[in-house]
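Peer 1: Generate coordinates for the sequence data below:
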Amino acid sequence: MIALARGRIDVEVACEVQGPHGASLPVHLVTLGNPHAPAAVGYFGGVHGLERIGSSVLIAWLRSLVGRLEWDSSLHDILAAVRVVFMPIVNPGGMLRGTRANPNGVDLMRNAPVEASEPVPFLIGGQRISSGLPWYRGRAGQPMEAESTAMCATVQRELSGRAFSLALDCHSGFGMRDRLWFPMAHRRQPFHCLGQLHALHEIFESSNPNHQYVMEPQSLQYLAHGDLWDHLVIRAQAANPGHVFLPLTLEMGSWLWVRKNPRQLFSRHGIFNPLIAHRQERVLRRHLALLDFSLRAAASASRWVPQGQALAQHHEQALARWYSRAA
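Peer 2: Take a look at the predicted model:
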């Protein structure tokens with residue numbers, strides 16, 4: 001994809017990690033759009049190496065944008081108003097090995113220095129017992145893994161400090177529905193940008209009335225230690241109190257693929273990815289509307305982000321929509 005873009009995107013190596021036989025694997029960072037724009041949107045995938053479909057979705061989206069740069073004047077107008085960031089394969093070592101964790105056995109989405117406020121589910125909520133077990137957080141007191149550190153540095157440099165930023169982190173493997181999770185994962189109380197997130201939900205519903213997503217706080221499903229997005233939200237709030245930062249995690253419902261092709265249960269990759277070509281193509285098309293919406297919403301944030309009394313109303317509506325069950 002980088003070669004096909006022929007200089008129409010900016011590419012750098014966010015970090016390098018060790019691959020098989022001592023080989024060095026780059027974590028690529030791709031950017032386009034106005035570096036001084038008041039808004040930004042970031043796309044992240046491949047945090048879990050087994051979930052290749054998330055990276056495939058983002059690379060297909062990047063390919064679409066690059067192809068449109070030659071002829072789409074409306075896209076150029078959008079890119080003048082928004083900075084666009086791609087980190088499609090955060091965990092190249094895990095993807096090459098076909099593992100959820102990185103080559104050190106650490107689950108990058110359990111690797112941040114954030115502790116849950118209540119007990120978490122055994123193992124799945126993050127554990128420090130052994131790197132041989134899933135959802136390993138890494139040793140207590142140790143720095144974050146290189147991949148986690150690079151992702152956090154990218155968010156801080158490219159997304160934080162702007163008036164508005166949106167992030168979409170693509171995963172797979174949870175249930176029969178496509179879900180859009182938002183912070184917090186380490187506590188049941190809502191995060192500080194809840195009203196703005198509810199406004200985003202409203203404009204998404206109005207412009208995509210037949211969408212297939214369930215948007216909800218991750219805490220409705222389970223709590224977890226070490227969530228990277230919780231860590232980044234907390235850090236962004238402390239550094240830039242007026243900044244609106246809305247990170248979303250797309251959890252593609254991979255059980256749909258297993259239901260249609262039960263033989264996938266016998267493949268480690270098949271539990272998290274569509275293995276039949278036409279189903280993979282369908283998934284790549286399925287999320288285009290969401291990706292296009294995220295770009296346009298970031299570029300047009302000044303038109304829909306609520307202020308004052310409207311923000312307070314959205315906050316109350318969000319509490320009623322998403323937190324009444326928890327109460």
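Peer 1: can you give me the strands for the protein?
Peer 2: Taking DSSP state E, the strands of the chain run over residues 10-18, 24-33, 39-45, 82-87, 164-172, 178-182, 213-217, 244-252.
Peer 1: For Leu200, find the nearest of these.
Peer 2: Across the strands of the chain, Leu200 has its closest neighbour in strand 244-252 (6.1 Å, Cβ to Cβ). For glycine as for every other residue, the C-beta is placed from the backbone atoms N, C-alpha and C.
Peer 1: Mind putting the strands of the chain into CSV with mean neighbour count and mean pLDDT?
Peer 2: CSV is the format used below for the strands of the chain (neighbours: other Cβ atoms under 10 Å; pLDDT from 0 to 100):
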stretch, mean neighbour count, mean pLDDT
strand 10-18, 15, 95
strand 24-33, 20, 97
strand 39-45, 26, 98
strand 82-87, 24, 98
strand 164-172, 25, 98
strand 178-182, 22, 97
strand 213-217, 18, 97
strand 244-252, 24, 98
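Peer 1: out of those strands, which comes closest to Val283?
Peer 2: strand 244-252 (7.0 Å).
Peer 1: Quickly run through the sheet partners of the closest one, with directions.
Peer 2: Within its sheet, strand 244-252 is paired with strand 164-172 (parallel), strand 178-182 (antiparallel), according to DSSP bridges.
Peer 1: on that earlier part again, got JSON lines for the strands of the chain, with distance to Leu290 too?
Peer 2: Shown next, in JSON lines, are the strands of the chain (distance: least, Cβ to Cβ, whole Å):
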{"stretch": "strand 10-18", "distance to Leu290": "24"}
{"stretch": "strand 24-33", "distance to Leu290": "19"}
{"stretch": "strand 39-45", "distance to Leu290": "11"}
{"stretch": "strand 82-87", "distance to Leu290": "15"}
{"stretch": "strand 164-172", "distance to Leu290": "8"}
{"stretch": "strand 178-182", "distance to Leu290": "8"}
{"stretch": "strand 213-217", "distance to Leu290": "7"}
{"stretch": "strand 244-252", "distance to Leu290": "7"}
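Peer 1: Nearest to Asn102 among those strands would be which one?
Peer 2: Closest among the strands of the chain, using Cβ to Cβ: strand 10-18, at 7.0 Å.
Peer 1: where in the chain is pLDDT low?
Peer 2: The chain contains residues with pLDDT under 70 at 326-327.
Peer 1: is it true that Cys170 touches Ile59?
Peer 2: No: Cys170 is beyond contact range of Ile59, at 10.4 Å (criterion: Cβ atoms under 8 Å).
Peer 1: Run through the residues that contact Ser172.
Peer 2: Shown in contact with Ser172 (Cβ atoms under 8 Å, 6 or more residues apart in numbering): 51, 53-54, 251-254, 272-273.
Peer 1: List only those of those residues flagged as buried.
Peer 2: 51, 53-54, 251-254, 272-273 (16 or more other Cβ atoms under 10 Å).
Peer 1: which residues of the chain fall in helices?
Peer 2: In the chain, the helices defined using DSSP state H lie at 2-5, 52-68, 73-81, 92-97, 146-154, 194-207, 228-239, 255-260, 277-286, 288-299, 301-304, 308-318.
Peer 1: Specify the stretch among those helices that is closest to Phe122.
Peer 2: Nearest of the helices of the chain to Phe122, taken as Cβ to Cβ: helix 228-239 at 19.9 Å.
Peer 1: Show me what counts as buried in that closest one.
Peer 2: Residues 228-236 are the ones in helix 228-239 that count as buried (16+ other Cβ under 10 Å).
Peer 1: quick one: the nearest residue to Val305 once chain neighbours are set aside and Arg279, what's the gap?
Peer 2: Leaving aside its sequence neighbours, Val305 sits nearest to Gln196 (Cβ to Cβ, 6 or more residues apart in numbering; 5.6 Å). To Arg279, Gln196 is 35 Å away according to Cβ to Cβ, to the nearest Å.
Peer 1: more crowded one of the two?
Peer 2: Of the pair Gln196 and Arg279, Gln196 is the one with more neighbours under other Cβ atoms under 10 Å, namely 22 against 18.
Peer 1: any idea how far Phe164 is from the more buried one?
Peer 2: 8 Å.
Peer 1: which neighbours do those two share?
Peer 2: Common neighbours of Gln196 and Phe164, counting by Cβ under 8 Å, 6+ apart, are 244, 305.
Peer 1: if we can go back for a sec, and the buried residues of helix 228-239, which two are the farthest apart?
Peer 2: Using Cβ to Cβ, the two most remote members of the buried residues of helix 228-239 are Leu228 and Ala236, lying 12.3 Å apart.
Peer 1: wait, what's in contact with Leu275?
Peer 2: Leu275 is in contact with 257, 261, 264, 267, 269, counting by Cβ under 8 Å, 6+ apart.
Peer 1: And the buried ones among those, selectable in ChimeraX?
Peer 2: Of the contacts of Leu275, the buried ones go into a single ChimeraX selection, burial set by 16+ other Cβ under 10 Å:
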select :257,264
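Peer 1: a markdown table for the contacts of Leu275, including distance to Pro190?
Peer 2: Shown next, in a markdown table, are the contacts of Leu275 (distance: Cβ to Cβ, whole Å):
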| residue | distance to Pro190 |
| --- | --- |
| Trp257 | 32 |
| Asn261 | 38 |
| Gln264 | 36 |
| Ser267 | 38 |
| His269 | 36 |
